[in-house]
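Engineer: have a look at this prediction, sequence included:
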Amino acid sequence: MIGYTTIGANDFDRAAKFYDALAGELGHRRVMEFDGFILWGDPAAGGCLALAKPFDKKPATVGNGVMVALAAKSREQVDKIHQMALDMGGTDEGAPGARMDNFYAGYFRDPEGNKLNAFVMS
């Protein structure tokens with residue numbers, strides 16, 4: 001259903017490195033790129049993540065209640081992505097752990113303040 005989700009950035013180069021690392025860990029790469037825009041994933045399969053400088057030239061801001069969830073392959077990968085995010089300047093929003101019987105997730109914010117999680121369902 002979701003084709004792609006876009007996250008805004010003020011420090012575009014720093015954000016691009018942050019998302020290059022997370023996307024790489026998840027087995028994705030840049031598939032589209034032009035000035036102020038990068039897309040990671042497989043557009044034909046959907047579920048891509050984009051980084052963009054705001055088109056209106058105003059500062060990027062964080063949406064209250066907005067979160068991007070990254071599908072991981074295992075609990076170990078959730079743990080790794082969460083730690084990677086923190087190591088790259090992100091902040092903790094909830095340590096990895098079981099939230100329900102079949103849902104395991106770790107929550108964090110990127111250096112721009114956008115909220116994400118890495119999760120796996122079994």
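Structural biologist: Cool, the structure landed. Residues are numbered from 1 along each chain as shown.
Engineer: please count neighbours and contacts with C-alpha atoms only from this point.
Structural biologist: Will do.
Engineer: return the distance of the residue of the chain positioned farthest from its centre relative to residue 56.
Structural biologist: Centroid-distance maximum for the chain: residue 101 at 23.9 Å, with Cα atoms, centre = their mean. Using Cα to Cα, to the nearest Å, residue 101 is found at 43 Å from residue 56.
Engineer: strands of this protein, start to end?
Structural biologist: 4-8, 30-34, 37-40, 48-52, 68-71, 91-100, 103-109, 115-121 (DSSP state E).
Engineer: make CSV from the ones you listed and add mean pLDDT to it.
Structural biologist: Converted to CSV, these look like this (pLDDT from 0 to 100):
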stretch, mean pLDDT
strand 4-8, 94
strand 30-34, 96
strand 37-40, 97
strand 48-52, 96
strand 68-71, 96
strand 91-100, 97
strand 103-109, 98
strand 115-121, 97
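Engineer: dump the ones you listed to JSON lines, plus mean neighbour count.
Structural biologist: JSON lines is the format used below for the strands of the chain (neighbours: other Cα atoms under 10 Å):
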{"stretch": "strand 4-8", "mean neighbour count": "17"}
{"stretch": "strand 30-34", "mean neighbour count": "13"}
{"stretch": "strand 37-40", "mean neighbour count": "21"}
{"stretch": "strand 48-52", "mean neighbour count": "21"}
{"stretch": "strand 68-71", "mean neighbour count": "17"}
{"stretch": "strand 91-100", "mean neighbour count": "15"}
{"stretch": "strand 103-109", "mean neighbour count": "22"}
{"stretch": "strand 115-121", "mean neighbour count": "22"}
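Engineer: can I get the ones you listed in a markdown table with distance to residue 24?
Structural biologist: Formatted as a markdown table, the strands of the chain follow (distance: least, Cα to Cα, whole Å):
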| stretch | distance to residue 24 |
| --- | --- |
| strand 4-8 | 17 |
| strand 30-34 | 9 |
| strand 37-40 | 9 |
| strand 48-52 | 12 |
| strand 68-71 | 12 |
| strand 91-100 | 20 |
| strand 103-109 | 18 |
| strand 115-121 | 14 |
